[in-house]
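> predicted model follows, preceded by the sequence.
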Amino acid sequence: QVQLVESGGGSVQAGGSLRLSCAVSGAPVSSYYMGWFRQAPGKERERVASIHAGGRTTDYAASASGRFTISQDNAKNTLLLQMISLKPEDTAMYYCAAAGSLRELFLMSGYWGQGTQVTVSS
């Protein structure tokens, strides 16, 4: 059973930075397709960034490209999301997810964490 626990959220001003972490237990972080998703109040959950099994290929939503970086720390078995130049519209609950295929990940299937809140003030 894979378990995911997010941390690192908080409140920052626009232009600030945060680094989110997702501690993975039950399997090597590199063995799954993993991603970060977010959901703002009243909006649908959306994919922010994803990384393929093995950790060599990454994908980003247009809203995150150039500002967010997804990566894996294999030694700590952790998924990371470095966020810079944060905007108020980045405010949301951020979730870590793991799936056996990219299709499952994009369909928001697989394993999920409980989320960590990111609030960006103007």
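Sure, I can see it. Numbering: from 1, shown residues only.
> all contacts plus neighbour counts: C-alpha atoms, from now on.
Noted.
> how about the helix or strand bottoming out on mean pLDDT in the chain: buried residues?
Lowest by mean pLDDT, DSSP states H and E among the helices and strands of the chain is helix 102-106, with a mean of 93. Neighbour counts over helix 102-106 (16 or more other CA atoms under 10 Å) mark 102, 105-106 as buried.
> nearest to residue 81, of the residues you listed?
residue 105 (16.5 Å; CA to CA).
> the closest one reaches residue 99, doesn't it?
Yes. Judged on CA atoms under 8 Å, residue 105 makes contact with residue 99 at a distance of 5.2 Å.
> overlap in contacts of the two?
33-34 (CA atoms under 8 Å, 6 or more residues apart in numbering).
> dump the residue contacts of the residue nearest the centre of the chain.
Residue closest to the average C-alpha location in the chain (CA atoms, centre = their mean): residue 36, at 2.2 Å. Each residue near residue 36 by CA under 8 Å, 6+ apart is listed here: 47-50, 81, 94-97.
> helix, strand or coil: sort out it for me.
Look at residue 36: counting by DSSP: H, G, I helix; E, B strand; the rest coil, its state is strand.
> and the closest residue to it other than its chain neighbours, backbone torsions?
Spatial nearest neighbour of residue 36, excluding adjacent residues (CA to CA, 6 or more residues apart in numbering): residue 96 at 4.7 Å. Main-chain dihedrals, residue 96, degrees, to the nearest 10: phi -100, psi 140.
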